[in-house]
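Asks: how would this look folded up:
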Amino acid sequence: MLNEIHSYAELQQQIHKDLRVQHPEWVELSGNCPTCDSYESRLAELLGLTQSSQLMVNSRHMSEPDLARFK
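Replies: Numbering: from 1, shown residues only. A predicted model of the protein is given here:
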């Protein structure tokens, strides 16, 4: 049974995870995946969610205290 996705943030996280699994060659040694980020940004652009998408991309690289400022 597939997990249900309830928010755009969950969808974005699932897409990011799936892209990394399906295309490990896109993942840099540092763990960054610029191609994954590009795909996510394009999806957000198509959905009209560009600004919030950029926050989600950046949030993967922030600490918990930094993330708390956006809540």
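Asks: Okay, Gln22 and Arg42: tell me how far apart.
Replies: For Gln22, the distance to Arg42 (CB to CB, to the nearest Å) stands at 16 Å. C-beta here means a position set from N, CA and C on the backbone, and glycine is covered the same way.
Asks: swap in Val21?
Replies: 19 Å.
Asks: do the same with Ile5
Replies: 19 Å.
Asks: Per-residue pLDDT of Met1, please?
Replies: On pLDDT, Met1 comes in at 45.
Asks: more neighbours, Gln22 and Arg42?
Replies: When neighbours are counted by other CB atoms under 10 Å, Gln22 and Arg42 differ, and Arg42 comes out ahead with 12 against 9.
Asks: And the strands in this protein, which stretches?
Replies: Taking DSSP state E as the test, none of the chain falls into strands.
Asks: For it, give me the ranges with low pLDDT.
Replies: Within the chain, the stretches with pLDDT under 70 are 1-3, 50-71.
Asks: if you set the cut-off to 90 instead, what comes out?
Replies: Across the chain, the stretches falling below the confidence threshold (pLDDT under 90) are 1-16, 39-71.
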